[in-house]
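> next input, structure requested:
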Amino acid sequence: MRQQMRELVAETYAMSARRKVLIFDEDVEALAQHAGPFETQGIEVHRCTTVESAMRCIQREDFDFALIDQGSSGVEGRRVIGYLIRYNLRTPFIVLAVCTDAAWYEQALALGAVDYLKKPVTSEELNWIIQRFLGLRNSLVK
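Just a heads-up that it's a prediction; the model follows:
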């Protein structure tokens, strides 16, 4: 009985812990669109519009998940991913891109991306991310 109670308390604590997400996108409007559903679920979102601000966040914080825009030349996203791998190796991340590029898609997956999504990201995709990677089953992304 005592062991079951400890397990229940540990599970409840784990589920109530505040989740943190890093979102990197140079486009402020896209960043707001992507951040909104996470914030609605009570998830702490670190919004970054520059590579430098994303790198500072990654150095200071551990994240449960990251959405990383590929960037206009693809270089920006790679730099952010490099820092994420260096400082938060276990953080799952998805790369976002305006247009899909097969070579960068393969590189992103080789670096550890769990997926590569074409922008704009749909509400169904955001809902899937929240449920799959943050364990929130009652998300109401519309």
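> can you say which helix or strand has Gln59 in it?
Using DSSP states H and E, Gln59 maps to helix 51-60.
> name the next helix or strand downstream of that helix, please.
Counting by DSSP H and E, the element after helix 51-60 in chain order, helix or strand, is strand 65-69.
> quick check: angle from that following strand to helix 51-60?
Between the direction of strand 65-69 and that of helix 51-60, the angle (axes from the mean of the first three to the mean of the last three Cα atoms, to 10 degrees) works out to 170 degrees.
> what about strand 65-69, distance to the chain center?
The offset between the C-alpha centroid of strand 65-69 and the centroid of the whole chain comes to 4 Å, using Cα atoms, centre = their mean, to the nearest Å.
> partners of that strand, with directions?
For strand 65-69, the pairing partners within the sheet under DSSP bridges are strand 20-24 (parallel), strand 93-97 (parallel).
> may I see the buried residues of that strand?
Going by neighbour count (16 or more other Cβ atoms under 10 Å), the buried part of strand 65-69 is 65-69. Using the backbone N, CA and C atoms, a C-beta is placed for each residue, glycine as well.
> dump those into a markdown table; add distance to Thr100 as well.
Compiled in a markdown table, these are given as follows (distance: Cβ to Cβ, whole Å):
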| residue | distance to Thr100 |
| --- | --- |
| Phe65 | 21 |
| Ala66 | 19 |
| Leu67 | 16 |
| Ile68 | 15 |
| Asp69 | 13 |
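> perfect, I'm done here.
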